[in-house]
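In: Here is a sequence together with a model predicted from it:
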Amino acid sequence: MADSPPAKRKRKGDPDVDGKPRPIRSEIWYDDGSVVIQANSTQFRVHRSILSAHSSVLKDMVPNAEELVEGCPIILLSDSAEDMAHLLKALHDRR
């Protein structure tokens, strides 16, 4: 009987079973956020009310209510994660 090697631990960004990269949680993650925005494979948990107050485009986006992350619906965007991080920091951190 041959011993099989131990299973390797998955790292952040490793492909999931379907070959797509696993989502990575960004540093912009508010525990009381109401929606998760995903750009590329990076997720941001933010306040939908703040997005709506500053952007009619984001206000009109319909989240995918079938797929939830920690109880929050996801809005999938084609923007780069870096661009989305800059936008969300500007909207949420008004210092």
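Out: Here it is on my side, so go on.

In: Could you export stretch 42-57 as CSV, CA atoms only?
Out: This file holds the C-alpha atoms of stretch 42-57, laid out as CSV (Å, rounded to 0.1, in the frame of the first residue of the first chain):
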residue,chain,number,x,y,z
THR,A,42,-10.9,40.9,-5.1
GLN,A,43,-13.8,41.5,-2.9
PHE,A,44,-14.7,44.7,-1.0
ARG,A,45,-17.4,44.9,1.7
VAL,A,46,-18.9,48.4,1.8
HIS,A,47,-22.0,50.4,2.5
ARG,A,48,-24.5,50.5,-0.3
SER,A,49,-26.0,53.7,1.0
ILE,A,50,-22.6,55.5,0.6
LEU,A,51,-22.2,54.1,-2.9
SER,A,52,-25.7,55.3,-3.8
ALA,A,53,-25.2,58.7,-2.4
HIS,A,54,-22.1,59.3,-4.5
SER,A,55,-22.7,57.4,-7.7
SER,A,56,-25.9,57.0,-9.7
VAL,A,57,-24.2,54.2,-11.7
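
In: got a list of contacts for that stretch?
Out: Under the criterion CB atoms under 8 Å, 6 or more residues apart in numbering, residues 23-26, 28-38, 58-59, 69-70, 72, 74, 81, 84-85, 88, 91-92 lie in contact with stretch 42-57. C-beta: built from backbone N, CA, C; applies to glycine.

In: Glu66: what secondary structure?
Out: Classification of Glu66 using DSSP: H, G, I helix; E, B strand; the rest coil returns strand.

In: What distance do you get for it to His47?
Out: According to CB to CB, to the nearest Å, Glu66 and His47 sit 21 Å apart.

In: who has more neighbours, the two?
Out: His47 (16 against 7; other CB atoms under 10 Å).

In: Please report how far the more buried one lies from Glu27.
Out: Distance, His47 to Glu27, by CB to CB: 16 Å.

In: can you check Gln38 too?
Out: Remark: distance between Gln38 and Glu27 (CB to CB) = 15 Å.

In: More neighbours: these two, which one.
Out: Using other CB under 10 Å, the more surrounded residue of Gln38 and Glu27 is Gln38, with 20 against 8.
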